[in-house]
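**Q** Got a predicted structure plus its sequence, pasted below:
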Amino acid sequence: MSFPEYPRQDPYGRPYPGRPDAWGLAQPGPIPLRPLGVGEILGVAVTVVRRCLLPLVLAALAVGALSAAATVGVLGAAGSLQSYAEATWLEDVLRGGTSIPVSIVVSALAGLLVSVVGAQVVAGLATVYAGALAQGRDGRGEVAGRLRGRWPALLAVSVVVGVLVSIGLMLFVVPGVLAFLVLALAASVVAMERSGVGEALRRSAQLSRGHRGRIFGALALALLIGTVGGAVVTTVVSSLFGQHDAVTTLLITQGVGAVVGAFTGAWTGAVVALLYIDVRIRTERLDYALRLAADLDRQRRSGPAGPSGLTPPPPAG
């Protein structure tokens with residue numbers, strides 16, 4: 001998105017207050033430029049994934065594969081893979097004989113950490129594509145242009161969020177959920193506002209304030225639908241491979257889960273992207289800036305467009 005194309009913006013690209021009736025104007029792309037309900041966000045996220053299927057699914061697939069590799073790798077290195085696959089450790093714990101083995105806790109934490117870090121990266125990518133679609137573009141070349149020189153910051157902020165959320169979830173669950181609600185938009189901020197790590201974390205906390213109930217509702221529904229749907233598909237597909245030893249069955253399940261999770265992960269990333277856009281529409285009238293950017297795009301491609309119903313921003317100075 002090219003917010004700097006009209007003057008007098010602050011570093012975050014916040015638009016001027018738009019006309020109150022601008023939400024009723026024609027949409028430049030498939031994403032409605034108005035406040036969306038939770039159900040609408042989940043539905044429009046499907047459109048984002050469908051329009052940008054290959055890059056988002058491949059990114060989420062890489063995350064799922066790395067997460068599975070981290071989990072299995074730690075178990076294999078600790079010599080606990082057989083015990084984990086056969087669930088003998090769980091039987092011992094249920095009988096009160098032992099506590100959960102350290103290797104299993106570490107493997108779960110490793111897999112969770114990779115998943116959360118990767119989910120933030122996917123959310124950043126999805127936000128770039130969603131921003132392009134909101135302006136009526138097809139998204140081609142957007143990531144290369146938008147994230148040029150921004151990958152270190154995107155990866156760094158994803159790691160920070162991943163570590164904080166993963167530790168919070170592993171220790172007491174609730175702190176991890178709260179940390180995620182505060183920092184869920186950080187990767188989107190890095191991707192779209194060219195912020196540094198600390199600035200992106202603060203900006204996410206600022207944007208999410210007053211909207212965390214909706215963010216929680218949308219993401220909880222997305223994760224629930226993705227988890228249940230993924231579990232069903234993984235179970236059915238894994239059963240088609242027939243009977244194998246416990247370790248082989250575990251590896252097959254992890255592989256199938258990574259493939260299925262590629263689609264659910266891409267969709268969840270799109271939900272985060274739309275939450276970012278929705279929050280900024282509600283609080284900063286981002287819809288107005290997006291419409292202006294779409295008009296400028298049209299004018300560059302095919303000459304001046306007809307009246308859009310939008311008043312240009314005041315001149316600088």
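**A** Now that the structure is in, tell me what you want to look at.

**Q** which residues of the stretch 201-317 of the chain fall in strands?
**A** Using DSSP state E, counting those that start in this stretch, the stretch 201-317 of the chain contains no strands.

**Q** pLDDT weak spots in it?
**A** Within the stretch 201-317 of the chain, the ranges that satisfy pLDDT under 70 run 242, 303-317.

**Q** Now with 50, please.
**A** Within the stretch 201-317 of the chain, the segments meeting pLDDT under 50 span 305-309, 311-317.

**Q** The stretch 1-150 of the chain: helices as residue ranges?
**A** Using DSSP state H, counting those that start in this stretch, the helices of the stretch 1-150 of the chain run over 38-51, 53-78, 81-86, 88-94, 102-134, 142-146.

**Q** which helices and strands sit right next to the shortest one?
**A** Pointing back at helix 142-146 there. Here helix 142-146 touches helix 102-134, going by 3 or more Cβ pairs under 8 Å, 6 or more residues apart in numbering; DSSP states H and E. In short, each C-beta sits where N, CA and C put it, glycine included.

**Q** right, so of the helices of the stretch 1-150 of the chain, which gets closest to residue 199?
**A** With Cβ to Cβ as the measure, helix 102-134 is the member of the helices of the stretch 1-150 of the chain nearest residue 199 (14.8 Å).

**Q** and the closest one, what's its mean pLDDT?
**A** For helix 102-134, mean pLDDT rounds to 93.

**Q** how far away is residue 247 from residue 79?
**A** Distance, residue 247 to residue 79, by Cβ to Cβ, to the nearest Å: 12 Å.

**Q** So which of these two has more stuff around it?
**A** residue 247 (16 against 9; other Cβ atoms under 10 Å).

**Q** so that one sits right up against residue 81, yeah?
**A** Yes: with contacts counted by Cβ atoms under 8 Å, residue 247 reaches residue 81, the gap being 6.0 Å.

**Q** so residue 265 sits right up against residue 60, yeah?
**A** Yes: with contacts counted by Cβ under 8 Å, residue 265 reaches residue 60, the gap being 3.3 Å.

**Q** Identify the contacts common to the two.
**A** Here residue 265 and residue 60 have 118, 122 as joint contacts, going by Cβ atoms under 8 Å, 6 or more residues apart in numbering.

**Q** The stretch 151-300 of the chain: helices as residue ranges?
**A** According to DSSP H, counting those that start in this stretch, the stretch 151-300 of the chain carries its helices in the segments 151-171, 174-183, 186-193, 197-208, 212-239, 246-284, 286-302.

**Q** Most tightly packed of those?
**A** Highest mean neighbour count among the helices of the stretch 151-300 of the chain (mean count of other Cβ atoms under 10 Å): helix 186-193, with a mean of 28.

**Q** Output the contacting helices and strands for that helix.
**A** Where contact means 3+ Cβ pairs under 8 Å, 6+ apart, helix 186-193 is packed against helix 102-134, helix 151-171, helix 197-208, helix 246-284.

**Q** Tell me what angle it forms with helix 151-171.
**A** Calculated by axes from the mean of the first three to the mean of the last three Cα atoms, to 10 degrees, helix 186-193 forms an angle of 160 degrees with helix 151-171.

**Q** Pass me the low-pLDDT residue ranges in the stretch 51-200 of the chain, would you?
**A** For the stretch 51-200 of the chain, not a single residue meets the criterion pLDDT under 50.

**Q** ok, residue 63 - contacts?
**A** The contact partners of residue 63, by Cβ under 8 Å, 6+ apart, come to 114, 115, 118, 119, 121, 122, 261, 265.

**Q** Kindly recompute the last result at 7 Å.
**A** With contact taken as Cβ atoms under 7 Å, 6 or more residues apart in numbering, residue 63 is in contact with 114, 115, 118, 119, 122, 265.

**Q** So for residue 229, which of the helices of the stretch 1-150 of the chain sits nearest?
**A** When these are compared by Cβ to Cβ, helix 38-51 sits nearest residue 229, at 12.6 Å.

**Q** who's in contact with the closest one?
**A** By Cβ under 7 Å, 6+ apart, helix 38-51 touches 30-31, 36, 56, 126, 129-130, 133, 139, 214, 217-218, 221-222, 266-267, 270-271, 273-275, 278.

**Q** Centre of the chain to that helix, how far?
**A** How far helix 38-51 lies from its chain's middle: 12 Å, per Cα atoms, centre = their mean, to the nearest Å.

**Q** List the buried residues of that helix.
**A** 38, 41, 42, 44, 45, 47, 48, 49, 51 (16 or more other Cβ atoms under 10 Å).

**Q** Save those as CSV, and put in distance to residue 103 too.
**A** Listed next are the buried residues of helix 38-51 as CSV, based on distance: Cβ to Cβ, whole Å:
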residue, distance to residue 103
38, 39
41, 39
42, 37
44, 42
45, 37
47, 43
48, 39
49, 36
51, 42
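
**Q** And those, which is closest to residue 184?
**A** Residue 184 has its nearest neighbour among the buried residues of helix 38-51 in residue 41, at 13.0 Å by Cβ to Cβ.
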